[in-house]
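**Student:** below: sequence and its predicted model.
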Amino acid sequence: MHATRTDRALWPRAVMATLLFSILSLTAHLVDITWFDGSQGTVVAEATLAHAGPAGH
C-alpha cells in the first residue's frame with residue numbers, strides 16, 4: 001500500500017507536536033524544581049530582594 005499525501009503530511013506534525021510538548025514539560029519541570037522548591041525558592045527571593053538595593057529596607 002502507498003501512503004496518501006495527507007498521511008505523509010500528518011506524521012511530521014505529530015512528531016513536532018510531541019517534541020514541543022516534551023520540551024515544554026521539561027522546561028516547566030526544571031523551572032519548578034529550580035525556583036520553586038522549598039528553601040531554594042526562598043534563597044532566590046532573598047537574593048532578588050538583596051539585589052534590589054536599600055529601597056526595600
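**Tutor:** All right, it came through fine.
**Student:** contacts and neighbour counts: CA atoms only from here.
**Tutor:** OK.
**Student:** which stretches in this structure count as helices?
**Tutor:** Under the criterion DSSP state H, the chain contains helices at 5-35, 39-52.
**Student:** which strands and helices sit next to the first one?
**Tutor:** Just to be clear, that refers to helix 5-35. For helix 5-35, the packing partners by 3 or more C-alpha pairs under 8 Å, 6 or more residues apart in numbering; DSSP states H and E come out as helix 39-52.
**Student:** and the helices of the chain, which one averages the lowest pLDDT?
**Tutor:** Sorting the helices of the chain by mean pLDDT places helix 39-52 lowest, at a mean of 63.
**Student:** residue 28 and residue 34, how far apart?
**Tutor:** 10 Å (C-alpha to C-alpha, to the nearest Å).
**Student:** repeat that for residue 8.
**Tutor:** From residue 8 over to residue 34 the distance is 40 Å, taken as C-alpha to C-alpha.
**Student:** more crowded one of these two?
**Tutor:** Neighbour tally, residue 8 and residue 34, criterion other C-alpha atoms under 10 Å: the higher count belongs to residue 34, 13 against 10.
**Student:** measure that one to residue 22 for me?
**Tutor:** From residue 34 across to residue 22, the span is 18 Å (C-alpha to C-alpha).
**Student:** can you dump the C-alpha atoms of stretch 21-28 in PDB for me?
**Tutor:** Below are the C-alpha coordinates for stretch 21-28, written out as PDB (Å, rounded to 0.1, in the frame of the first residue of the first chain):
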ATOM      1  CA  PHE A  21       5.200  19.100  24.400                       C
ATOM      2  CA  SER A  22       8.200  17.300  25.700                       C
ATOM      3  CA  ILE A  23      10.400  20.400  25.700                       C
ATOM      4  CA  LEU A  24       7.700  22.500  27.400                       C
ATOM      5  CA  SER A  25       7.100  19.900  30.000                       C
ATOM      6  CA  LEU A  26      10.800  19.600  30.800                       C
ATOM      7  CA  THR A  27      11.200  23.300  30.900                       C
ATOM      8  CA  ALA A  28       8.300  23.700  33.300                       C
END
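**Student:** since that was my last question, I'll sign off now.
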